[in-house]
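Colleague: here is the input, now give the coordinates:
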Amino acid sequence: MKRYWSRLLALVLVVSISLMGCSSPDSLTGDYRQDTLAVVQTLRNVLELSDDSPNKAAVQAEARQKINDFSARYQRANSVSGLSSFTTMRTALNSLAGHYSSYPNRPVPEKLKNRLEQEFNQVEAALRRGG
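Modeller: Numbering: from 1, shown residues only. Now for the predicted structure:
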């Protein structure tokens with residue numbers, strides 16, 4: 001009987017670990033258009049925060065996580081890699097991620113904010129056109 005219970009427990013553990021490994025831990029839905037717009041909105045919120053905002057560190061951490069989730073999910077997706085919205089979005093994400101990794105304690109410069117806003121507008125326009 002003990003042998004039966006140990007095998008059953010092992011089977012249950014293997015199944016639960018397999019199911020947990022297959023689930024998506026990120027905050028994205030899998031719908032490219034919806035995910036892209038959600039990431040753009042999150043990043044705009046981060047860029048609009050004032051330097052003395054009490055939750056700035058938490059919001060920046062959320063933005064970094066969104067950047068990582070988006071990159072991990074869509075980087076190798078052939079269905080979106082050729083879209084103009086994707087290439088522009090990757091450029092914006094790389095610019096912001098580079099700033100956060102190089103200058104974690106400094107605010108985002110106004111010049112970079114303006115360029116990111118322009119790229120976000122281009123991404124939204126491309127998504128409206130279907131690309």
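
Colleague: in this structure residue 35 contacts residue 28, no?
Modeller: Yes: taking contacts as Cβ atoms under 8 Å, residue 35 lies within contact range of residue 28: 4.4 Å. C-betas here are computed from N, CA, C, even on glycine.

Colleague: what is in contact with these two at once?
Modeller: Taking Cβ atoms under 8 Å, 6 or more residues apart in numbering as the contact rule, residue 35 and residue 28 both touch 70, 73.

Colleague: and these two? which has more neighbours close in?
Modeller: Using other Cβ atoms under 10 Å, the more surrounded residue of residue 35 and residue 28 is residue 35, with 21 against 18.

Colleague: list the contacts of that one.
Modeller: Contacts of residue 35 (Cβ under 8 Å, 6+ apart): 28, 29, 70, 73, 74.

Colleague: let me know the closest of those residues to residue 110.
Modeller: residue 70 (24.4 Å; Cβ to Cβ).

Colleague: can you tell me the element the closest one falls in?
Modeller: Counting by DSSP states H and E, the element that carries residue 70 is helix 56-74.
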